[in-house]
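Colleague: Pasting a predicted model and its sequence here:
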Amino acid sequence: MAKKQRRQPQRPTAQPAAAEVKTGLNLKEMLSQEALDKLKMLEREVKAAREREEQEAAERRRREQEERERNKSFAELLEEYEKKGGGKYN
């Protein structure tokens, strides 16, 4: 006896959603001008805040490096000097 094949129930396709997308409306058309202006201003503020944070982080790294340089022991300074080839007989 041959086995019967099971049929998978058909699932609805995503075609209705695709039809909604093709209506020709985009975000700019759906939002009012005031809301669009607010979003643009918010975007500029976020970008400025991100740039400010990056600058602060760079400044913080620079200050930490300077602090490490100031706190080096004589042995560390001597070792660096010799690595650079600035030894007495080099």
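Modeller: Received, thanks.
Colleague: With residue 67 as the reference, measure out to residue 53.
Modeller: 21 Å (C-beta to C-beta, to the nearest Å). (C-beta placed from N, C-alpha, C; glycine too.)
Colleague: Please disregard the earlier target; I meant residue 39.
Modeller: Distance, residue 39 to residue 67, by C-beta to C-beta: 42 Å.
Colleague: now the helices for this structure?
Modeller: Along the chain, the stretches classed as helices by DSSP state H are 15-21, 27-30, 33-70, 74-83.
Colleague: Would you mind saying which of these lies nearest residue 7?
Modeller: Evaluated with C-beta to C-beta, the helices of the chain place helix 15-21 nearest to residue 7, the distance being 21.3 Å.
Colleague: okay, and for this protein, where does confidence drop off?
Modeller: Scanning the chain for pLDDT under 70 picks out the ranges 1-4, 8-25, 27-28, 87-90.
Colleague: got CSV for the helices of the chain, with distance to residue 7 too?
Modeller: Shown next, in CSV, are those (distance: least, C-beta to C-beta, whole Å):
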stretch, distance to residue 7
helix 15-21, 21
helix 27-30, 42
helix 33-70, 49
helix 74-83, 77
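Colleague: For residue 5, find the nearest of those.
Modeller: Distance to residue 5, taken as C-beta to C-beta, is lowest for helix 15-21 among the helices of the chain, at 26.7 Å.
Colleague: quick one on the thing from earlier: look at residue 39 and residue 67 and report which has more neighbours.
Modeller: residue 39 (12 against 9; other C-beta atoms under 10 Å).
Colleague: Can you give me every residue that contacts the more buried one?
Modeller: Residues in contact with residue 39 (C-beta atoms under 8 Å, 6 or more residues apart in numbering) are residue 31.
Colleague: separation between it and residue 81?
Modeller: Applying C-beta to C-beta to residue 39 and residue 81 gives a distance of 56 Å.
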